[in-house]
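Visitor: My questions concern the predicted model and sequence given below.
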Amino acid sequence: MSLIPWLRWNEAPPRLLSRSPAQMVPETLMVELEGQMREAERQQWERSNAVRKICTGVDYSWLASAPRPTYDLSPGERLQLEDVCAKIHPSYCGPAILRFRQLMAEQEPEVQEVSRLFRSVLQEVLERMKQEEEAHKLTRQWSLRPRSSLATFRSRARITPFASDIRTISQDVERDAPPLHRTWSMPEFRAQKED
């Protein structure tokens, strides 16, 4: 029995490296790609074993299992995919993974086709991000646009409820009285008289 683990009780626990979400997105997406490639490879191996079993009528898989050939991405392709993954915003990472898993379940591609499918999902997400950014930019422009047409109309027109051109005695009396709050619901729009 070793006492080394007991002697390390006063050491500080190892700290997790704090990484920003932007750094975590490419790593998460690439781990998902590798996991889906392994799963596609396993399914492909099982399909080939099932075909071999049907052709020969005998299952020798229990006797000796040959090492499975593994498919790996080329370094150039891996770097390209990592660059595309780095462009994905953290809020789109989850939907990208869900879409990728959905397409994998629907199409059941060969191992060699998984990276192409992954790239197409990333392109879809980038296009969606671009469209939403453009829509956001348009709404921002619309909300910040000056409302000059309403302001010029307000300066040119005066709203007076039920005003008429006929001079009355009561109008002369009302002119000296403080203005009452309007109680009618139908105001009359009039252009101001230019002096």
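Guide: That came through fine.

Visitor: quick one: low-confidence ranges for the chain?
Guide: 1-17, 59-62, 64-69, 145-195 (pLDDT under 70).

Visitor: which SSE is the residue lying closest to residue 85 once chain neighbours are set aside in?
Guide: Of all residues not flanking residue 85 in the chain, residue 26 sits nearest, at 3.8 Å (Cβ to Cβ, 6 or more residues apart in numbering). All C-beta spots, glycine's among them, are computed from the backbone N, C-alpha and C. Element membership for residue 26, per DSSP states H and E: helix 21-56.

Visitor: Can you mark which positions in that helix are buried?
Guide: Buried positions in helix 21-56, judged by neighbour count with 16 or more other Cβ atoms under 10 Å: 25-26, 28-30, 32-33, 36-37, 40-41, 44.

Visitor: And stretch 122-135, by the same measure?
Guide: 122, 125-126.

Visitor: now do stretch 116-123
Guide: For stretch 116-123, using 16+ other Cβ under 10 Å, the buried residues are 117-118, 121-122.

Visitor: so where do the helices sit in this protein?
Guide: 4-7, 21-56, 75-86, 93-107, 111-144, 148-156, 169-176 (DSSP state H).

Visitor: could the ones you listed go into TSV alongside distance to residue 63?
Guide: Below are those laid out as TSV (distance: least, Cβ to Cβ, whole Å):
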stretch	distance to residue 63
helix 4-7	43
helix 21-56	13
helix 75-86	36
helix 93-107	32
helix 111-144	25
helix 148-156	85
helix 169-176	111
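
Visitor: thinking again about what came up before, among the buried residues of helix 21-56, find me the one that's closest to residue 55.
Guide: residue 44 (16.6 Å; Cβ to Cβ).

Visitor: OK, contacts around the closest one?
Guide: Residues near residue 44 by Cβ atoms under 8 Å, 6 or more residues apart in numbering: 110-111.

Visitor: Look up how far residue 71 lies from it.
Guide: 9 Å (Cβ to Cβ, to the nearest Å).

Visitor: Equivalent analysis for residue 83, please.
Guide: Distance from residue 83 to residue 71, by Cβ to Cβ: 21 Å.

Visitor: More neighbours: which of the two?
Guide: It is residue 71, of residue 83 and residue 71, that has more neighbours when counted by other Cβ atoms under 10 Å, with 15 against 10.

Visitor: Alright, that wraps it up for me.
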